[in-house]
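K.L.:
just need the structure, nothing else, for what follows:
(2 chains)
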Amino acid sequence: MIDDLKLIRPGEVRVRVAPSPTGPLHIGVTRTALFNYLFAKKYQGSFILRIEDTDVERSKKEWEEDVIEGLKWLGIEWQEGPDIGGQYGPYRQSGRGEIYQKYIQKLLDEKKIYYCFCSKEELEAHRNYQMSIGEPPRYSGKCRDLSPKDLKKNLDAKKSFVLRFKTPFRKVGFLDMLRGKIEVETDAFGDMTVAKDLTTPLYNLACIIDDFEMKITHVIRGEDHIPNTPKQILLAEALGIEPPKYLHLPLILGLNKAKLSKRHEARSVLEYKEEGYLPEAIVNFLALLGWNPGTPREIFSMNSLIQEFSIEGLQSGGAMLNPQKLTWINAFYIRQKSPEKLTELCLPYLIESGLVEPFFGQEKYPPAYGGELITQQFKIKETAEEISFNFLKKVVGLYQERLRKLSEIVELTDFFFKKELAYPKELLKWQEYSCKEIKETLDRLKKILARPKPIEWIKENLERILMSEAEKIGDRGKLLWPLRVALTGKKASAGPFEIAEILGKEKTLARIKEARKKL
RNA sequence: GGCCCUGUCGUCUAGUGGUUUAGGACGUCGCGCUUUCAAUGCGAAAACACGGGUUCGAUUCCCGUCAGGGCCA
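P.N.:
Residues are numbered from 1 along each chain as shown, chains lettered A, B, ... in the order given. The predicted structure is shown next:
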């Protein structure tokens, strides 16, 4: 089956992702989209976005927007889709009624489908009966051979109906590119409903028609579609069209090893964005979930994925989400950013938290990084103090290797933007030293900083002075720990010298005095 | 209930009959660096679901059981 791939000619591949806009773009759909995209790119083919919105009640425009925005954010771009069109449109099923009608009419003319007037209650009763005797639930065939007279009578009476497929009684199989031969007895599902009316096909019919009309060559989709595939192939045969090749990806499992649940894992990828995950991290993480490059390499950019991606590396068993690994990859990509870029990425979080404000009259969210941003001014909200982009860059830079998600920048660096720090005085104590000794240390620090030296001198020499002072004491921690707490109010932080340097002489001194008062 | 898919450390995985004392990554734990945290370096614990075959030899092939998952309403 993999040999088939050798026959693929570059440029001929056409794949699609076909989400229904009844929910957000979650991780599962995203990964399917990614693999389709990689496959298309690998063979210089086309990747198409199709919106399967035949379920009018549950489909919502906002979910479609979520899908489009999410995929774009990740850099998964399509060559044809509802927003940009293409030569096989429309790319929303809701706009394809005319196309479907043609096929449905054909099936009807050829007597391959028939009207079924059975009521829901009737069907359900029958289904329950079949399940009770251990048989697969399938249609009884009651309306299959309705006489033309009865048909006309029902139609005239405007009885509600569905269209059913006369499923032939036999085996249907296909060659899955990942799993090999998959075969089922059609007996397992019987006469399936394929359309609600003459213009509205149900999922399987719509799907096979669209895949054919859009000249899709390979369908790469989740394993949950395996049972649909034989049905679609059957319909393709009835329609006299060639079905595409199929590949069923393993599912991404939630933390409970079950399909992604609506409540937790099935959140929109845009929520990951809000939390401060980087698109390259999500892409990298998702690629490694169910695929392996055959080398120990773990870090892949989109471009390297396109190069390295291969069907052979695909896994067939379901893969559980590993949030810690995502976090690890995210932290990696954060460390790779330039300080300017990272600052720009962190800015919205600092602003959203209310710590920092863009300067009066400017946009809430600064424009994308560029020359302009560097010259932009900001304010510390609490003190109305003006700060520069450069100041923020220093702050963010200090925490670059400690950041795992962009959103963490707030709790990590809030002390830079606060007037007063709230922390218990016990925090100032280092190991077994007494209150008195800590007081003495703080007094020493005060004295050093209060020297009438120019600010510049202090800035350049602070670390040297404090370190030599610490050496004198004999225990660095005795000096540095209280200093850290005084400056940050936290038990974990970046180095106190660097913090003092950014804070400036005045604030540093003020905070040491504050700390001294506490004791 | 029926049908289908899957089954290597907690998780993601390498492994396609002997070269394996089953390798890597995340996580966990320990040690080093160190004022804390992080980063980083080193190290440790941790897996072939079970039972039958096939074979000189099975994690690897076949069958069954079990387990997990999916679909059908």
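
K.L.:
for the rest of this, base every contact and every neighbour count on C-alpha atoms.
P.N.:
OK.

K.L.:
please parse chain A into its domains.
P.N.:
Using automatic domain parsing, the domain ranges for chain A come out as A:1-88+A:202-336, A:339-417, A:425-518.

K.L.:
what is the distance between the second one and the centre of its chain?
P.N.:
Read it as domain A:339-417. Centroid separation between domain A:339-417 and its chain, computed with Cα atoms, centre = their mean, to the nearest Å, is 25 Å.

K.L.:
swap in stretch A:38-48?
P.N.:
20 Å.

K.L.:
show residues contacting it.
P.N.:
By Cα atoms under 8 Å, 6 or more residues apart in numbering, the residues outside stretch A:38-48 that reach it are A:8-17, A:36-37, A:77-81, A:305-307, A:309-310.

K.L.:
any chance of the domains of chain A in a markdown table, plus distance to RNA strand B, mean pLDDT and mean neighbour count?
P.N.:
Shown next, in a markdown table, are these (distance: least, Cα to the nearest atom of the strand, whole Å; pLDDT from 0 to 100; neighbours: other Cα atoms under 10 Å):
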| stretch | distance to RNA strand B | mean pLDDT | mean neighbour count |
| --- | --- | --- | --- |
| domain A:1-88+A:202-336 | 3 | 90 | 18 |
| domain A:339-417 | 3 | 84 | 17 |
| domain A:425-518 | 3 | 82 | 17 |
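
K.L.:
tabulate those (JSON lines), appending distance to A:Asp176.
P.N.:
JSON lines is the format used below for the domains of chain A (distance: least, Cα to Cα, whole Å):
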{"stretch": "domain A:1-88+A:202-336", "distance to A:Asp176": "5"}
{"stretch": "domain A:339-417", "distance to A:Asp176": "39"}
{"stretch": "domain A:425-518", "distance to A:Asp176": "53"}
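
K.L.:
return the residues in contact with A:Asn204.
P.N.:
A:Val194, A:Asn228, A:Lys231, A:Gln232 are the contacts of A:Asn204 under Cα under 8 Å, 6+ apart.

K.L.:
in three-state terms, label A:Leu286 for me.
P.N.:
Classification of A:Leu286 using DSSP: H, G, I helix; E, B strand; the rest coil returns helix.

K.L.:
what's the nearest residue to it if we skip its chain neighbours?
P.N.:
A:Arg31 (5.9 Å; Cα to Cα, 6 or more residues apart in numbering).

K.L.:
A:Trp78 contacts A:Asn36, doesn't it?
P.N.:
No - with contact defined as Cα atoms under 8 Å, A:Trp78 does not count as touching A:Asn36 (10.2 Å).

K.L.:
skip ahead from the helix or strand encompassing the residue nearest to A:Leu286 and say which helix or strand is next.
P.N.:
A:Arg31 is part of helix A:27-42 when elements are defined by DSSP states H and E. Per DSSP H and E, helix A:27-42 leads on to strand A:46-49 as the next helix or strand towards the C-terminus.

K.L.:
alpha carbons of that next one, as PDB, please.
P.N.:
What follows is strand A:46-49 as a C-alpha-only set of coordinates in PDB (Å, rounded to 0.1, in the frame of the first residue of the first chain):
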ATOM      1  CA  SER A  46      -3.100  21.200  -3.000                       C
ATOM      2  CA  PHE A  47      -4.600  21.400   0.400                       C
ATOM      3  CA  ILE A  48      -8.300  22.400   0.500                       C
ATOM      4  CA  LEU A  49     -10.600  23.600   3.200                       C
END
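
K.L.:
so which residues of the stretch 401-519 of chain A form helices?
P.N.:
A:409-413, A:435-450, A:455-473, A:476-488, A:496-503, A:505-518 (DSSP state H, counting those that start in this stretch).

K.L.:
can you redo the ones you listed as TSV with distance to A:Pro21?
P.N.:
Supplementary listing: the helices of the stretch 401-519 of chain A in TSV, determined by distance: least, Cα to Cα, whole Å:
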stretch	distance to A:Pro21
helix A:409-413	33
helix A:435-450	61
helix A:455-473	57
helix A:476-488	47
helix A:496-503	48
helix A:505-518	53
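
K.L.:
what sits against the residue sitting nearest the centre point of chain A?
P.N.:
Residue closest to the mean C-alpha point of chain A, counted by Cα atoms, centre = their mean, is A:Val269 at 2.8 Å. By Cα under 8 Å, 6+ apart, A:Val269 lies in contact with A:Pro24, A:Leu25, A:His26, A:Ile27, A:Thr30, A:Gly70.

K.L.:
need the helices for the stretch 1-150 of chain A, in chain order.
P.N.:
Applying DSSP H, counting those that start in this stretch to the stretch 1-150 of chain A gives helices spanning A:27-42, A:61-74, A:97-109, A:120-132, A:148-156.

K.L.:
what comes up buried for the shortest one?
P.N.:
The reference is to helix A:148-156. Judged by neighbour count (16 or more other Cα atoms under 10 Å), helix A:148-156 contains these buried residues: A:Leu151, A:Asn154.

K.L.:
what helices and strands are in contact with the following helix or strand past it?
P.N.:
Beyond helix A:148-156 on the C-terminal side, the first helix or strand identified by DSSP H and E is strand A:162-165. Using 3 or more Cα pairs under 8 Å, 6 or more residues apart in numbering; DSSP states H and E as the contact test, the elements touching strand A:162-165 are strand A:113-116, strand A:193-195.

K.L.:
just checking: what are the partner strands of strand A:162-165?
P.N.:
Sheet pairing of strand A:162-165 (DSSP bridges) gives strand A:113-116 (antiparallel), strand A:193-195 (antiparallel).

K.L.:
looking at these, which is closest to A:Tyr88?
P.N.:
With distances scored as Cα to Cα, the stretch of those nearest to A:Tyr88 is strand A:193-195 (22.0 Å).

K.L.:
and that closest one, what's buried?
P.N.:
For strand A:193-195, burial by neighbour count (16+ other Cα under 10 Å) applies to A:Thr193, A:Val194, A:Ala195.

K.L.:
what does it rub up against?
P.N.:
Around strand A:193-195, the neighbours that count as contacts under Cα under 8 Å, 6+ apart are A:Ile104, A:Val162, A:Leu163, A:Arg164, A:Phe165, A:Pro201, A:Leu202, A:Tyr203, A:Asn204, A:Leu205.

K.L.:
ok, stretch A:86-95 next?
P.N.:
A:49-54, A:79-82, A:85, A:96, A:206, A:213-214.

K.L.:
could you rerun that using 6 Å?
P.N.:
If you take Cα atoms under 6 Å, 6 or more residues apart in numbering as the criterion, stretch A:86-95 is touched by A:Arg50, A:Ile51, A:Glu52, A:Asp53, A:Thr54, A:Glu80, A:Gly81, A:Pro82, A:Met214.
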